[in-house]
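Chemist: 3D, please:
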Amino acid sequence: MEKARTTKIIEQMKALDARMDELESRKNNVRSIRDEVGNLFEDEDPIMRCFENLFASCNNCDTRQ
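Modeler: Numbers count the residues shown, from 1 in each chain. Here you go, the predicted structure:
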């Protein structure tokens, strides 16, 4: 019984690790972004600032439906 549970946990951990690898490989796919007034940014620093501003503005947002 204990071996089966351990095997199941290991399988879950492997699946989680694979999913994390997949998400990690996707994170750098943003090549450009436009801000709210239409300015196009293609360099990493302005893109990161746009995302930081986006998420900072939603700190107090209730995303539950």
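Chemist: going forward, measure contacts and count neighbours with C-alpha atoms only.
Modeler: Fine.
Chemist: immediately after the strand or helix carrying residue 15, which helix or strand?
Modeler: Counting by DSSP states H and E, the element that carries residue 15 is helix 2-26. Scanning forward in sequence from helix 2-26 by DSSP H and E, the next helix or strand is strand 33-34.
Chemist: that following strand: how far from the chain's middle?
Modeler: Chain-centre distance of strand 33-34: 18 Å, with Cα atoms, centre = their mean, to the nearest Å.
Chemist: parallel or antiparallel, list what pairs with the helix or strand following that strand.
Modeler: As assigned by DSSP H and E, the chain's next helix or strand after strand 33-34 is strand 40-41. In the sheet, strand 40-41 lines up against strand 33-34 (antiparallel) (DSSP bridges).
Chemist: for the strand it pairs with, which outside residues touch it?
Modeler: Under the criterion Cα atoms under 8 Å, 6 or more residues apart in numbering, residues 40-42, 47 lie in contact with strand 33-34.
Chemist: between the residues you listed, which sits nearest residue 2?
Modeler: Proximity of the contacts of strand 33-34 to residue 2 (Cα to Cα) peaks at residue 47, which lies at 48.6 Å.
Chemist: filter the contacts of strand 33-34 down to the buried ones.
Modeler: Neighbour-count burial (16 or more other Cα atoms under 10 Å) applied to those gives 41, 47.
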